[in-house]
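Enquirer: Need a 3D model of the sequence below.
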Amino acid sequence: MAKKSLRETLRYHFDNLMSRGTLSLMGFLAVISLSLILIFSIILWLINLIPGKSFIELLWLNIFKVLNTGIIDNAKEGQLNFFLSLIIALISIFIISLLIGLLTSGIQQKIWDLRKGRSKVIEKNHTIVLGWSEIIYTVIESLLEANRNIKKCRIVILGDKDKLEMEDSLRERIKIPKNTRIICRQGNPVNISDLRILNISKSRSVIILDKSDSNVLKTVLAVTGGSLAESGKNPNIVAMLNDENNLDSLRIAGGKSANYILSRDFISRLVAHTCHQPGLSLIYSDLLNFTGNEIYTIDLKELYNKKFRDAVFMFENSSVIGINSFNKVKLNPPVDTIIRENDHIIAISRDDNTVNLSGIQNYDISLESIRSIDNKAAAAEKILIMGFNDRVGIIINELEKYISGQSEITLFADPKYLGEIRNLDKHDIKVVAGDIADYNLVSNLLSEKDFTHIVVLAYPITDIQEADSITLMVLIHLRDIAEKKNLIFSITSEMLDINNRKLAKVAKVNDFIVSDDILSLLIAQVSENPLLDPVFEDLLNSSGSEIYLKDIENYINTREKINFYTVLEAALRKNELVIGYKIAAEMDMEKKNFGIHLNPAKSGLLEFSPGDKLIVLAEK
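Expert: Okay, here's the model as predicted:
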């Protein structure tokens, strides 16, 4: 190998120096400047060009002259004086120019670093959101509502977008209260070095927003195994999963502190339950939304050693629905179940501080108003599913658990999905291929069969607006056909964008299920209280108690004024818990929540009419 020249060697070292950053360059500039100042000071001192000046005075004078491009005052006249003054002036201009350039470059780099959001977060007890997607707005709004009574609420977001872009987007879509500060940082959630700037070990909870199960696994490993390895403390972790087969791996990775929401299963079960229980989606939205009634787990020593039945009556403004005993949830337990020490009751209430004992001794129950009529056996139903996506199989599987054996399920979808539909051979369903947005085709199909329930699913199209447009067209057609042919059926529709829900009101749909919106609310709820995860899991599990809307005539006499304690007693006699009611006359009134009344005050007098429903927690 040829020996490098001195010029190449010096250039190589200079390039390395230039790549070290602003501070290194400023240090190099200072060394060069001081060296030159020292050389000129020695020359001036040796030739005595400025009489009466010591070496230290000459050194100090030259420092100021280099920085101010001045001339040599009190110096002797001559060519040497002119030559030295010129050199010092040129060096001064060069050094000052370099210094200004370096400072400008350094400041610009610092501004760019701040713009990227790379500074370390020093907040404590904050909520961390990892990832950026469309559902983040609903998640943040829910967290803000949940923490509205907290003096200092801090939310830290790590996304792949520019810090200022994320902050501007949040300000445009969300009204941020004064007690809240949202801190955005740019980075990759699976990168351990990026996570370290979030101060995760001091956080209250971590929400992972990623629709890829593999990315969720990597993020959980980064959070628990990397960024928190030194602290040994794991916050509450909440994440969405698509495939149940990945659940075991994620539980090993996240440990006991992680809670996973099976998004596809949850939405599928909700669609299936809502299909033959019109109005159910509104109930779940109310329970998941922080603005209304929510589910809380409360430890009250006054309830120790009391029967569950007694606890149900001891709250005026809260509805007791179950017991959490050592993290094992039991909704609607047997009425004689004893509440043991350290058991937590599960209750629906306006806030956690409203779950208080009423102190009422006389419940004024009207026993003569109670009726004990058995609920009718499930009648044969004809269900039409329009559209197709990866949740169809789970929806049909859930429907088959609740409908009678004589019921029929028809799947109507685009022919291009027939290949995937063949995987549903294990289900006894009828398949109709065609365009669900074809008015005449839909009209003929509805004329052939007297469908009782219709489910409209969104196609798996990349553009969610296009998918919702197809859904809106179908809903408008269904409404028009029903009015012209005098058909009666309930409609449950899946929407992808919550903004399109407002456009679809003209279709008079019984239930809208906005997948991302519902999931966002659930994520926020579990983030604030991880004990709620098994509660909502149990509510949509066919093996336990679920929410039903049942005819009120089977429980009490209508057209009589009674209090809600009487309704509680009527339901308990059937081993059911009543948590609210639905007024049929209000089902089209949005201002009255479409007739849904959850957790009413129990001592107030009520009068029900035929057709009204009770919202009960029961095992079918």
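Enquirer: okay, which residue is most central for this protein?
Expert: residue 139 (3.4 Å; C-alpha atoms, centre = their mean).
Enquirer: how deep is the closest residue to residue 611 other than its chain neighbours tucked in, by neighbour count?
Expert: Using C-beta to C-beta, 6 or more residues apart in numbering and skipping residues adjacent in sequence, the residue nearest residue 611 is residue 584, 3.9 Å away. Placement of C-beta: from N, CA and C, glycine included. Neighbour count of residue 584, defined by other C-beta atoms under 10 Å: 14.
Enquirer: wait, isn't residue 584 in contact with residue 609?
Expert: Yes. Shown here, residue 584 and residue 609 form a contact pair, counting by C-beta atoms under 8 Å, at 6.9 Å.
Enquirer: domains for the chain, by residue range?
Expert: 23-116, 127-267, 276-373+522-618, 382-509 (automatic domain parsing).
Enquirer: how about those in JSON lines, adding distance to residue 516 and mean pLDDT?
Expert: Listed next are these as JSON lines, based on distance: least, C-beta to C-beta, whole Å; pLDDT from 0 to 100:
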{"stretch": "domain 23-116", "distance to residue 516": "28", "mean pLDDT": "65"}
{"stretch": "domain 127-267", "distance to residue 516": "4", "mean pLDDT": "85"}
{"stretch": "domain 276-373+522-618", "distance to residue 516": "10", "mean pLDDT": "88"}
{"stretch": "domain 382-509", "distance to residue 516": "7", "mean pLDDT": "84"}
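Enquirer: strand partners of the helix or strand containing residue 129, parallel vs antiparallel please.
Expert: Secondary-structure assignment from DSSP states H and E places residue 129 in strand 127-130. Strand 127-130 has the following strand partners under DSSP bridges: strand 153-159 (parallel), strand 205-208 (parallel).
Enquirer: Just name the most buried of these.
Expert: For the strands paired with strand 127-130, the largest average neighbour count (mean count of other C-beta atoms under 10 Å) is found in strand 205-208, namely a mean of 26.
Enquirer: ok so, going back, tell me who's in contact with the residue nearest to residue 611.
Expert: 595, 609, 611, 612, 613 (C-beta atoms under 8 Å, 6 or more residues apart in numbering).
Enquirer: Of the residues you listed, which is the most crowded?
Expert: residue 613 (23 neighbours).
Enquirer: how about that residue, phi and psi?
Expert: phi -120, psi 150 (degrees, to the nearest 10).
Enquirer: same deal with the one 4 residues further on?
Expert: When read as degrees, to the nearest 10, the backbone of residue 617 gives phi -100, psi 110.
Enquirer: Okay, and residue 267 sits in which element?
Expert: helix 263-275.
Enquirer: I'd like the next helix or strand past that helix.
Expert: By DSSP H and E, the next helix or strand past helix 263-275 is helix 280-288.
Enquirer: what does that next one contact?
Expert: Contacts for helix 280-288 (C-beta under 8 Å, 6+ apart): 270, 273-274, 292-295, 348, 492, 511-513, 518, 521-522, 525, 547, 549, 580, 593-594, 596, 598, 615.
Enquirer: Using PDB, write down the CA coordinates of that helix.
Expert: Only the C-alpha atoms of helix 280-288 are listed here, as PDB (Å, rounded to 0.1, in the frame of the first residue of the first chain):
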ATOM      1  CA  LEU A 280     -77.100  -2.800  22.900                       C
ATOM      2  CA  SER A 281     -74.300  -0.800  21.200                       C
ATOM      3  CA  LEU A 282     -75.600   2.300  22.900                       C
ATOM      4  CA  ILE A 283     -75.400   0.600  26.300                       C
ATOM      5  CA  TYR A 284     -71.800  -0.500  25.700                       C
ATOM      6  CA  SER A 285     -70.900   3.000  24.400                       C
ATOM      7  CA  ASP A 286     -72.300   4.500  27.600                       C
ATOM      8  CA  LEU A 287     -70.300   2.100  29.800                       C
ATOM      9  CA  LEU A 288     -67.100   2.700  27.900                       C
END
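Enquirer: Pull out the buried positions in the following helix or strand past that helix.
Expert: On the C-terminal side of helix 280-288, the closest following helix or strand by DSSP H and E is strand 294-298. Buried residues in strand 294-298, counted by 16 or more other C-beta atoms under 10 Å: 294, 295, 296, 297, 298.
Enquirer: a markdown table for those, including distance to residue 203?
Expert: Formatted as a markdown table, the buried residues of strand 294-298 follow (distance: C-beta to C-beta, whole Å):
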| residue | distance to residue 203 |
| --- | --- |
| 294 | 22 |
| 295 | 23 |
| 296 | 22 |
| 297 | 21 |
| 298 | 24 |
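Enquirer: Nearest residue to residue 331 in space, please, no chain neighbours.
Expert: Per C-beta to C-beta, 6+ apart, closest to residue 331 is residue 322, 3.9 Å.
Enquirer: next one: residue 241
Expert: Residue 241 sits nearest to residue 260 (C-beta to C-beta, 6+ apart), 5.0 Å away.
Enquirer: okay, now that neighbour: neighbour count?
Expert: 22.
Enquirer: The strand or helix carrying it vs helix 263-275, what angle?
Expert: Secondary-structure assignment from DSSP H and E places residue 260 in strand 258-262. With axes from the mean of the first three to the mean of the last three C-alpha atoms, to 10 degrees defining the directions, strand 258-262 sits at 50 degrees from helix 263-275.
Enquirer: can you list the residues that contact strand 258-262?
Expert: 220, 224, 234, 236-242, 244, 247, 250-251, 254, 519, 522-523, 526, 530, 533.
Enquirer: How about stretch 488-506?
Expert: Against stretch 488-506 from outside (C-beta under 8 Å, 6+ apart): 138, 267, 271, 274-276, 278, 281, 387, 451-458, 464-465, 467-468, 471-472, 475-476, 478-479, 482, 507-517, 590.
Enquirer: Can you tell me which of those end up in strands?
Expert: 453, 454, 455, 456, 511, 512, 513, 514 (DSSP state E).
Enquirer: Help me confirm that the second one comes into contact with residue 478.
Expert: Translated: residue 454. Yes. Taking C-beta under 8 Å as the definition, residue 454 is a contact partner of residue 478 at 6.5 Å.
Enquirer: can you give me the helices in the stretch 51-200 of the chain?
Expert: According to DSSP state H, counting those that start in this stretch, the stretch 51-200 of the chain carries its helices in the segments 55-68, 79-116, 136-146, 163-173, 192-195.
Enquirer: Taking the buried residues of strand 294-298 together, which two end up most distant?
Expert: Taking C-beta to C-beta as the measure, those span a maximum distance of 11.9 Å, between 294 and 298.
Enquirer: Would you check that residue 316 makes contact with residue 358?
Expert: Yes. Between residue 316 and residue 358 a contact is recorded at 3.7 Å, counting by C-beta under 8 Å.
Enquirer: The residue nearest to residue 442 when sequence neighbours are not counted: neighbour count?
Expert: Using C-beta to C-beta, 6+ apart and skipping the chain neighbours, the partner closest in space to residue 442 is residue 477 (5.5 Å). Around residue 477 there are 21 other residues, counting by other C-beta under 10 Å.
Enquirer: State the distance from residue 477 to residue 219.
Expert: Distance from residue 477 to residue 219, counting by C-beta to C-beta, to the nearest Å: 43 Å.
Enquirer: Residue 263 too?
Expert: 16 Å.
Enquirer: Checking residue 606 next. Helix, strand or coil?
Expert: State at residue 606, reduced to three classes by DSSP: H, G, I helix; E, B strand; the rest coil: strand.
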